[in-house]
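Student: Any chance you can model this:
(2 chains)
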There are 2 protein chains.
Amino acid sequence: MPGLERYPICCPVDRQVWRNVLRKGDCAIDATCGNGHDTLALLRMVADESGSGFIYGFDIQSSAIESTRCLLEDSSTQTRRLVKLSLLCHSKMEEVLQKAPWLVAFNLGYLPGGGKDIITLPGTTLPALHAASRVLAPGGLISVLVYVGHPDRTILRVQLAAESWSCCKLERLNRPSAPLLLLLLKK
Amino acid sequence: MPGLERYPICCPVDRQVWRNVLRKGDCAIDATCGNGHDTLALLRMVADESGSGFIYGFDIQSSAIESTRCLLEDSSTQTRRLVKLSLLCHSKMEEVLQKAPWLVAFNLGYLPGGGKDIITLPGTTLPALHAASRVLAPGGLISVLVYVGHPDRTILRVQLAAESWSCCKLERLNRPSAPLLLLLLKK
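Tutor: Got it, this is the predicted structure:
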């Protein structure tokens, strides 16, 4: 479409937001690896030629961690040094982290092709959001893609103090089945 | 705050969005001049040294048009050539326009310091939005700031075909009194 380059803001696609936020050398977290496509996208955004930049990836399904590892190894030579994947609930991210991330990305849904009984649930997502809020670098961003009908829409109730957080919900008006995007910016 | 330059997307402030959309030499519309501050901001975004760029401004209150004219003349040498102010309802913008705008900006509220009985009303705002949708350049944007409690929130019901429009609502989660921002992007 004409003029698309004018619209980093107007297309509420989470990857476009990440691209604006991240710099080479940053640390970022994929809190929901799934099949690894977002993990790889994040790695490409932060990895630079000198080998700085770092990605932590989390998933509770071993098949997701395995798919992510395969995708990364096929696509990047920097996987081993710059990515740490953990078969661990994202609510426990603090047990693993050694660097403060600039971005924590959540994609709340089913693992594509995986069991629909294993989904991210409010019981762990809200604690995970709060863990992310603690570890995030000042100025950093938590991005949460929430699919319509998914129980994790309850996380819209997340309460973060307006003095310290700028919290924004982006909703598509004429695509009712499109996911919501939450952007939680730590001041 | 640290890292603010990373967030053109995350701060749903309409002027930041305009700055991303507009280029020098563009045509833009301030559909609600008010006291003229947005009109001036838009003029500064599009006016270049060669004297291209053009702003149309509309308001139904003569005091608003007068305030805007004074502000512009005090602040810019290019007002006379590059701005056309019309004491006219924005639903009639097509009667005046000679160029296709890249941006049409609405700020739906009261004129600061003006009469509270004169407000933008759904009866004219929806027709104005549709007029804007017709005149907008392909790839252009309609931005609408809607204050909480204002009757113009009914314009959230605006229906634009998803094939031709990307429509997004940005809402602050932890500032319930903050205005909504609608972004209507013509594909």
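
Student: Next, the residue sitting nearest the centre point of chain A: phi, psi?
Tutor: The residue lying closest to the centre of chain A (Cα atoms, centre = their mean) is A:Ala105, at 1.3 Å. As for A:Ala105, its main-chain torsions (degrees, to the nearest 10) stand at phi -110, psi 130.

Student: need the helices for chain A, in chain order.
Tutor: Per DSSP state H, chain A carries helices over the ranges A:14-21, A:37-46, A:62-75, A:79-82, A:122-135.

Student: now those in a markdown table, with mean pLDDT, distance to chain B and mean neighbour count?
Tutor: Yep, even glycine has a C-beta here, placed from its N, CA and C like the rest. Shown next, in a markdown table, are these (pLDDT from 0 to 100; distance: least, Cβ to the nearest Cβ, whole Å; neighbours: other Cβ atoms under 10 Å in any protein chain shown):
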| stretch | mean pLDDT | distance to chain B | mean neighbour count |
| --- | --- | --- | --- |
| helix A:14-21 | 83 | 5 | 19 |
| helix A:37-46 | 95 | 12 | 22 |
| helix A:62-75 | 95 | 25 | 17 |
| helix A:79-82 | 85 | 20 | 15 |
| helix A:122-135 | 88 | 12 | 18 |
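
Student: Next, the contact list for the spatially closest residue to the residue nearest to the centre of chain A that is not a sequence neighbour, please.
Tutor: Nearest residue to A:Ala105 in three dimensions, chain neighbours excluded: A:Ser143, at 5.1 Å (Cβ to Cβ, 6 or more residues apart in numbering or on different chains). Shown in contact with A:Ser143 (Cβ atoms under 8 Å, 6 or more residues apart in numbering or on different chains): A:14, A:17-18, A:103-106, A:181-184.

Student: go with 10 Å
Tutor: A:14-15, A:17-18, A:21, A:31, A:103-107, A:181-185, B:10 (Cβ atoms under 10 Å, 6 or more residues apart in numbering or on different chains).

Student: and A:Gly51, how many neighbours does it have?
Tutor: Around A:Gly51 there are 12 other residues, counting by other Cβ atoms under 10 Å in any protein chain shown.

Student: Was I right to think it contacts A:Val83?
Tutor: No. A:Gly51 lies out of contact with A:Val83 (Cβ atoms under 10 Å); the separation is 12.0 Å.

Student: what stretches of chain A score poorly on pLDDT?
Tutor: Along chain A, the parts satisfying pLDDT under 70 run over A:1-13, A:109-122, A:148-157.

Student: all strands for it, in order.
Tutor: A:27-30, A:54-59, A:83-87, A:103-108, A:141-146, A:165-172, A:180-186 (DSSP state E).

Student: contacting residues for A:Ala28?
Tutor: A:18, A:21-22, A:38-39, A:41-43, A:45-46, A:53-57, A:99, A:101-105, A:140-141.
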